[in-house]
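Trainee: sequence plus the predicted model coming up.
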Amino acid sequence: MRRRVSATVLAVLTISLVGGCADEPTPEAAAPRSTGAPWHDEHTAGTGAGSVGAPGTACELPVAFPLPEGWKAEAVDANPDGEIEEAIVEALTKRGGTTAVCEVDGREQGGGFLRVWTADQPDAAPRDALETFVAAEEGLTDQEYREVRAGTFDAVEATWSATSELLEEDSRSWATAVRVGDTTVLLTVSESLLAEAGDILPAYRLATGQLAAAG
């Protein structure tokens, strides 16, 4: 009788242990770090097709990263013609101590723009450059920061909301800042009327997740 009871208990324990192990998620199946607003880590990296940043690519940058499938990179023109065009370019490419150097257009894929900026001051630390960039946003609210790993770099990431008085609409943005040699580089992406978090974050996460020094 004692042997039968022992065998029964052993069988129950074995089933429980197997069931318990089956319920535990593997590292690959573990939940994202922060689902939902404001980080939306549930939107993971999309599919890449080509790259940008290295010599000979559409934008030669201090960093290189994969291009999202269907997205097109173009260097920002730093030599406008005429005073009016110069004023427009200045407004669009200068912000909070940084200069836009590359724009990755994903509108054909239902996304928005992924932009690359470099800090104007050579000694600007990533956190300082990022805070200054974010502070330059009009209608700024709900800004948050966190330390992350971006490809081969230790990085600082920010997310924030901004209210457009013209459109009377809130939009959220994300940005990652890294230090590459003697340059601080920012990658940014923003929601728009036509692009929500799920449309743009896979491209942003692809780029920041595989970020590396160019060359």
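Mentor: Perfect, I can see it now. Numbering: from 1, shown residues only.
Trainee: which neighbours does the host helix or strand of Trp117 have in its sheet, and in what orientation?
Mentor: Assigned by DSSP states H and E, Trp117 belongs to strand 113-119. Strand 113-119 has its sheet partners listed here by DSSP bridges as strand 98-105 (antiparallel), strand 183-190 (antiparallel).
Trainee: where do the helices of the protein begin and end?
Mentor: Here the chain has its helices, by DSSP state H, at 2-23, 83-93, 126-135, 197-209.
Trainee: so what does the second one touch, helix or strand wise?
Mentor: Using 3 or more C-beta pairs under 8 Å, 6 or more residues apart in numbering; DSSP states H and E as the contact definition, the elements that helix 83-93 packs against are strand 98-105. No exception for glycine: its C-beta is placed from N, CA and C like everyone else's.
Trainee: go through the strand it packs on and flag the buried ones.
Mentor: By 16 or more other C-beta atoms under 10 Å, the buried positions in strand 98-105 come out as 98, 100-105.
Trainee: circling back: could I get the strands paired with strand 113-119 as JSON lines with distance to Thr44?
Mentor: Below are these laid out as JSON lines (distance: least, C-beta to C-beta, whole Å):
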{"stretch": "strand 98-105", "distance to Thr44": "18"}
{"stretch": "strand 183-190", "distance to Thr44": "14"}
